[in-house]
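Q: Provided below for reference: sequence and predicted model.
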Amino acid sequence: MNRMLSRFALPAGALLVLWILTACAPLSPLPPADTASDAMPAAVTVDVATVIGPVSPLLYGSGYGPWVSLRPETLPLAYDAGITVLRWPGGEWGDHNDIRYPQLDQFVELAHQMGAEPYIHVRFLDSTPEVAADVVRHANVEMGYNIRYWAIGNEPSLFEAGDHPWDAAAFSAEWRKFAAAMKAVDPTILLLGPETHQYTGTPDVDPVDSSGRDWLRTFLAANGDLVDIVAVHRYPFPNNAERTSATIPDLRADAPRWTEIARNLHATTMEETGRALPIAFTEVNSHWTRSIRGEATPDSLFSALWLGDVLGRLMTERVTMMTQFLLVTGGDSGFGLLEKYGPRPSYFTYQLYKYFGHTLVASSSPLDDVTAYAALTADGALTVMLINLTDVEQSLPLAITGLDDPAGERVRQAERRLFDVEHTAEMMGSVDTTAPVVLPAQSMTLLTFP
């Protein structure tokens, strides 16, 4: 067993305000990189002078619920995960059970210990606006938690399939009553919605109700004036009737789709509301089934690399929030960043992004399955994330322009952190960046230029 896999077997304030002010509109596509010549491989390029904007501090999220738990072995890992927002209770559980205040209080304590913003989903099915308002009252008035992020119901686009009489129009009208009651208690809360399932922005596959109405568009037409962040869910696999797990080529081909999907969500929001509202993907994983122990299931190395690339694409497309599903699961599914006694590969995706900068700048890669993302830290260091989704080692020159470095000294060497089959987001020392940068097969590399 290799070193990394044996380890797996062992028992945000002012920046967010700036983000909300600048992040809602989609970007124009960056120009394509030049084609590599036969004589010299084309370079990964970074243009520090071309600032895309702040990286949302809410992109590094996850979910948690009363049906899972952290053990003494995994609590320290959760505290150190780098999770910035924690969604609760989420999932189907949240629409079939009432929130108990002791549970909520324990969750808020956990979120605070993790350094994460709490994000609460109140029950919609078999509940009332008054009950939802009471949850807000307990949390923000009586307890003073000042929880900012709230949602009403989970994946309402599946309600009719579960024999619940809520089509898109009826849900949207009732959602409005919940929203008004909750905001009457605390006008400062931010509401996310509608959290429909499997959004892509493709009309022939997006969820519709029993009358053929598009769920997201119906909701936005009714509540575009009340919703604060437009939120949807997506799990790309399985995508067949047999519910077979994805292969590595399947997952590799899916990653670029997130660029188009995020742009579609921005466009749909503007079309239906006339406003450039923030957008979010509040349940994300490679599989929606309990797939586990496959080459590309959620507990695999490749799914962790896919998640890393998806994160880079979402920040490039100005997405405000992403919450991966789920923080921890046992051996019956691969969803969790953590398993019962330790980390899964996707945990180290978050570990690497803990060192990524906060101000995104332009970058490009000459290879389709090698992606590059670059950002400046608060103290001016340049960070470059290089994700190699190919099955072979890649060696690419690095061309950095626009850095305040008249003598060219800063770009000669970088600190390197590596996540691959043998390394768990570890510091690997300094690397000479005047020579081509070597990227191991199926890996994430973070370079930091102090």
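A: Received it, and whenever you're ready, just let me know what you need.

Q: and the longest strand for this structure?
A: Taking DSSP state E as the criterion, the chain has its longest strand at strand 44-54.

Q: what lines up beside that one in the sheet?
A: Here strand 44-54 has these sheet partners by DSSP bridges: strand 359-364 (antiparallel), strand 398-401 (parallel).

Q: For it, buried residues please.
A: Val44, Thr45, Val46, Asp47, Val48, Ile52, Gly53, Pro54 (16 or more other Cβ atoms under 10 Å). The C-beta positions use only the backbone N, C-alpha and C, and glycine is treated the same way.

Q: Deepest-packed of the strands paired with strand 44-54, please.
A: strand 359-364 (a mean of 22; mean count of other Cβ atoms under 10 Å).

Q: Give me the contacts around it.
A: Contact partners of strand 359-364, identified using Cβ atoms under 8 Å, 6 or more residues apart in numbering, comprise 30, 32-33, 44-55, 315-316, 372-376, 382, 384, 402.

Q: Could you rerun that using 6 Å?
A: Residues from elsewhere that reach strand 359-364 (Cβ atoms under 6 Å, 6 or more residues apart in numbering): 33, 45-48, 50-52, 54-55, 315, 372-376.

Q: Please identify the pairing partners of the helix or strand that it is followed by and their relative orientation?
A: Where DSSP states H and E defines the elements, the next helix or strand beyond strand 359-364 is strand 370-376. Using DSSP bridges, the strands paired with strand 370-376 are strand 359-364 (antiparallel), strand 382-388 (antiparallel).

Q: Could you export those to JSON lines, including columns for distance to Leu70?
A: Listed next are the strands paired with strand 370-376 as JSON lines, based on distance: least, Cβ to Cβ, whole Å:
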{"stretch": "strand 359-364", "distance to Leu70": "32"}
{"stretch": "strand 382-388", "distance to Leu70": "28"}
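
Q: I'd like those strands as a markdown table, with distance to Pro203 and mean pLDDT appended.
A: As requested, the strands paired with strand 370-376 are exported to a markdown table (distance: least, Cβ to Cβ, whole Å; pLDDT from 0 to 100):
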| stretch | distance to Pro203 | mean pLDDT |
| --- | --- | --- |
| strand 359-364 | 31 | 99 |
| strand 382-388 | 31 | 99 |
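
Q: just so I know, which of those lies nearest Met444?
A: Among the strands paired with strand 370-376, the nearest to Met444 by Cβ to Cβ is strand 382-388 (5.1 Å).

Q: Could you look up the SS state of Trp93?
A: helix (DSSP: H, G, I helix; E, B strand; the rest coil).

Q: Quickly find the element holding Gly336.
A: Gly336 belongs to no helix or strand, assigned by DSSP H and E.

Q: Could you check how many residues crowd around it?
A: Gly336 is flanked by 27 other residues according to other Cβ atoms under 10 Å.

Q: Tally up the residues packed near the residue lying closest to it once chain neighbours are set aside, please.
A: Closest residue to Gly336 apart from its sequence neighbours, by Cβ to Cβ, 6 or more residues apart in numbering: Thr329 at 3.6 Å. Using other Cβ under 10 Å, Thr329 is surrounded by 22 other residues.

Q: separation between Thr329 and Ala49?
A: Thr329 is 44 Å from Ala49, where distance means Cβ to Cβ, to the nearest Å.

Q: Pro57 too?
A: In terms of Cβ to Cβ, Pro57 sits 24 Å off from Ala49.

Q: what does stretch 278-295 rub up against?
A: 24, 195, 229-231, 233, 235, 237-238, 243, 245, 248, 251, 265, 297-299, 303, 306, 319-325, 333-335.

Q: Can you list the buried residues in that stretch?
A: Buried-residue list, stretch 278-295, by 16+ other Cβ under 10 Å: 278-289, 291-292, 294.

Q: Spatially nearest residue to Thr383, not counting backbone neighbours?
A: Once flanking residues are discounted, Thr383 sits nearest to Gly357: 4.4 Å by Cβ to Cβ, 6+ apart.
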